[in-house]
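Trainee: Next comes the sequence, and after it the predicted model I'd like to discuss.
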Amino acid sequence: MKYRFMILRRLTQLGLLGLYIGANLFGWKILQGNLSSSLLFESIPLADPYAIMQMTLAGAVLGFDVLLGALIIALFYMIIGGRAFCAWVCPVNLITDAANKLRRSLGISQVQKRVYMSRSIRYWVMGLGLLLSFAMGVAAFEMISPISIVHRGAVFGMGLGVGAIVVIFLFDLFVHENGWCGHLCPLGAFYSLAGRFSLIRVYHDAEACTACMKCKEVCPEKEVLHMVAKSSESVVMGECINCGRCVEVCDDDALHFSLRKFAMQAKEKSL
């Protein structure tokens, strides 16, 4: 099925939002809090590592449960793929995917001169967020994070969330394809660094590939597929969001998810 991973991603994103909303409206105890700090089953702490880094640099004294929650999340994404958060959890992904779909439908990418933005900007923004947190004594990015604003809006009532949704949607639609997530978001930058160590990877089989390039057409981080039609290897760049779109659209079955070390072993045996 061509949209199996997309359907799973949407179910995961909306399901998590539903649990947070249920906790707020109906007192459900499954998942309480927000994306910065949550409590799973009233006993397992979960926390955003980047937010905790900002708070630490701002001088906050954090409890053991918060630090444990950040460690749990960091280890989880280091194993499954750091930027899987961006594709499977982050609510902003719903907005940017909608903008990019409309962008392709309207042919804006073809008729509009592309505004150049380096993908390294997000790493500078990540560092700036930490520096400002230290200098100002507050978690700088958390104060203006569109991710937090949209998530809080969905859970507790929109308010400023509507403005954040409109700005990001229009930015990705008219200014730059995948502009926020792929070029500016510091949280995505943080998780891309963690994702360099992940075990779950997309693997490319060059022998099966017919170089149709459908995978690159749909990939939001096209440079991670540099090996397409060239060599059999796993995607090792942390920028991959493990969304599975390239796997879905590949009619040649040349792309699939695989455990990193097993894929590497399979390649070595074939040599």
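Mentor: Arrived safely, thanks for sending. Worth saying up front: this structure is predicted, and the values here are computed from it rather than measured.

Trainee: Please count neighbours and contacts with C-alpha atoms only from this point.
Mentor: Noted.

Trainee: Quick one: residues contacting A47.
Mentor: L35, S36, S37, S38, V66, L67, G69, A70, L71, I72, I73 (C-alpha atoms under 8 Å, 6 or more residues apart in numbering).

Trainee: Mind listing the residues bridging to it?
Mentor: Beta-bridge partners for A47, by DSSP bridges, are S37.

Trainee: From the centroid of this structure, which residue is nearest?
Mentor: The geometric centre of the chain, computed from its C-alpha atoms, lies nearest to C86 (C-alpha atoms, centre = their mean), at 1.4 Å.

Trainee: tell me which element it is part of?
Mentor: Using DSSP states H and E, C86 falls within helix 84-88.

Trainee: contact partners of that helix?
Mentor: So helix 84-88 is contacted by 9-10, 12-13, 77, 93, 181, 188, 191, 240-243 (C-alpha under 8 Å, 6+ apart).

Trainee: Could you do stretch 201-220 as well?
Mentor: 81, 178, 182, 222, 225, 227-236, 242, 244-247, 249-250, 252-260, 263.

Trainee: so is Q32 in a helix, a strand, or just coil?
Mentor: Secondary structure, DSSP: H, G, I helix; E, B strand; the rest coil: Q32 is strand.

Trainee: Okay, and which of the contacts of A47 map to strands?
Mentor: S37, S38 (DSSP state E).

Trainee: Mind checking which of the contacts of A47 are in helices?
Mentor: Of these, the ones assigned to helices by DSSP state H are V66, L67, G69, A70, L71, I72, I73.

Trainee: Spatially nearest residue to I30, not counting backbone neighbours?
Mentor: Using C-alpha to C-alpha, 6 or more residues apart in numbering and skipping the chain neighbours, the partner closest in space to I30 is F41 (4.6 Å).

Trainee: count of residues packed around that neighbour?
Mentor: The tally of other residues near F41 (other C-alpha atoms under 10 Å) stands at 12.

Trainee: wait, isn't it in contact with A23?
Mentor: No: using C-alpha atoms under 8 Å, F41 and A23 do not qualify as a contacting pair, with a distance of 11.0 Å.

Trainee: shared neighbours, these two?
Mentor: With C-alpha under 8 Å, 6+ apart, F41 and A23 have common neighbours K29, I30, L31.

Trainee: Kindly state the pLDDT recorded for F262?
Mentor: F262 is assigned a predicted lDDT (pLDDT) of 58.

Trainee: thinking again about what came up before, highest neighbour count among the shared contacts of F41 and A23?
Mentor: Ranked by neighbour count (other C-alpha under 10 Å), the shared contacts of F41 and A23 have L31 at the top, with 24 neighbours.

Trainee: before we move on, the earlier item: please flag which of the contacts of helix 84-88 sit within helices.
Mentor: R9, R10, T12, Q13, Y77, N93, G188, Y191.

Trainee: Of those residues, which pair is most distant in space?
Mentor: R10 and Y191 (19.9 Å; C-alpha to C-alpha).

Trainee: Tell me which of the two has more neighbours.
Mentor: A count of neighbours by other C-alpha under 10 Å puts Y191 above the other of R10 and Y191, at 25 against 17.

Trainee: mind listing what the more buried one touches?
Mentor: Y191 neighbours (C-alpha under 8 Å, 6+ apart): Y77, G82, R83, F85, G238.

Trainee: cutoff 10 Å now
Mentor: 49-50, 74, 77-78, 81-86, 238-241 (C-alpha atoms under 10 Å, 6 or more residues apart in numbering).

Trainee: Next one: D205 from L17, what distance?
Mentor: 36 Å (C-alpha to C-alpha, to the nearest Å).
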